[in-house]
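Enquirer: Any chance you could fold what I've pasted below:
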Amino acid sequence: MAERPLRADARRNRDRLLEVAVRAFSTAGPDVALETIARSAGVGIGTLYRHFPTREAMVEAVYRGELDRLCDSVAELLVSGEPDRALRDWMDRFVDCLAARRGMAEAVRMVINSGGAEFAHSLERLTDALAVLLDAGIRAGRLRADVPVMDVLTCLNGVTLAAGGPERREQAGRLLDLVMDGLRPRT
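Expert: Next up, the predicted model:
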């Protein structure tokens, strides 16, 4: 049986819960009380549990929402300019998204370690989005064709781990420029 679409008020409550949860997990980490999230969203704990029966379900929904925004930005970036510039802008968004969500990353790790969620879909979304950007740059002759998508994703993760905090954003930018230099065709 297909799931019925949410009523408008239920959709608003769910969206508000997710919005508050992003901030809460990002600032307070994975152990923030779900009651705090519900109260900050202006709903009761029962409403929270109706939408997200477990902490893991909420973390996964928050994570997927953030990931969807990042991956969905590819088309907009490609329309706005050169494909290598679009890739560099997406890299900035990637680092900023992960850096701003350090507490969220810990919550996601907690869910993965508990065996509560499968994140293969998320990895596929990221690699597909990055592949679109790389392919556009390759077709335009602005990027090398011999660098695997997973190598680029690994570099981005490394930049985020090494210099992803807001206090080190300038360094992250320099590291992303180095990654871009490595992706340009050799002359």
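Enquirer: Not counting its neighbours along the chain, what's nearest the residue nearest the centre of the chain?
Expert: Relative to the mean C-alpha position of the chain, the nearest C-alpha, by CA atoms, centre = their mean, is the one of Leu67, at 3.3 Å. Nearest residue to Leu67, sequence neighbours excluded (CB to CB, 6 or more residues apart in numbering): Ser122, at 5.4 Å. Every residue, glycine included, has its C-beta placed from N, CA and C.
Enquirer: Can I get the helix or strand containing Thr27 as CSV, trimmed to CA atoms?
Expert: Per DSSP states H and E, Thr27 falls inside helix 8-28. The C-alpha trace of helix 8-28 is given here as CSV (Å, rounded to 0.1, in the frame of the first residue of the first chain):
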residue,chain,number,x,y,z
ALA,A,8,0.0,20.6,5.0
ASP,A,9,0.2,21.1,8.7
ALA,A,10,2.0,17.7,9.2
ARG,A,11,4.4,18.6,6.4
ARG,A,12,5.1,22.0,8.1
ASN,A,13,5.7,20.2,11.4
ARG,A,14,8.1,17.7,9.8
ASP,A,15,10.0,20.4,8.0
ARG,A,16,10.3,22.5,11.1
LEU,A,17,11.5,19.5,13.1
LEU,A,18,14.2,18.8,10.5
GLU,A,19,15.3,22.5,10.4
VAL,A,20,15.6,22.5,14.2
ALA,A,21,17.3,19.1,14.2
VAL,A,22,20.0,20.3,11.8
ARG,A,23,21.0,23.1,14.1
ALA,A,24,20.7,21.0,17.2
PHE,A,25,22.8,18.1,15.9
SER,A,26,25.3,20.5,14.4
THR,A,27,25.9,22.5,17.5
ALA,A,28,25.1,20.0,20.3
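Enquirer: The helix or strand following that helix vs helix 8-28, what angle?
Expert: Moving toward the C-terminus from helix 8-28, the next helix or strand (DSSP H and E) is helix 34-41. Orientation check (axes from the mean of the first three to the mean of the last three CA atoms, to 10 degrees): helix 34-41 against helix 8-28 gives 120 degrees.
Enquirer: Helix 34-41 packs against which elements?
Expert: Judged by 3 or more CB pairs under 8 Å, 6 or more residues apart in numbering; DSSP states H and E, helix 34-41 is in contact with helix 8-28, helix 45-51, helix 55-79.
Enquirer: That one: how far from the chain's middle?
Expert: 23 Å (CA atoms, centre = their mean, to the nearest Å).
Enquirer: Just send the helices and strands packed on helix 34-41 back as a markdown table, with mean pLDDT and distance to Met91 too.
Expert: Output for these, formatted as a markdown table (pLDDT from 0 to 100; distance: least, CB to CB, whole Å):
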| stretch | mean pLDDT | distance to Met91 |
| --- | --- | --- |
| helix 8-28 | 88 | 20 |
| helix 45-51 | 95 | 33 |
| helix 55-79 | 89 | 10 |
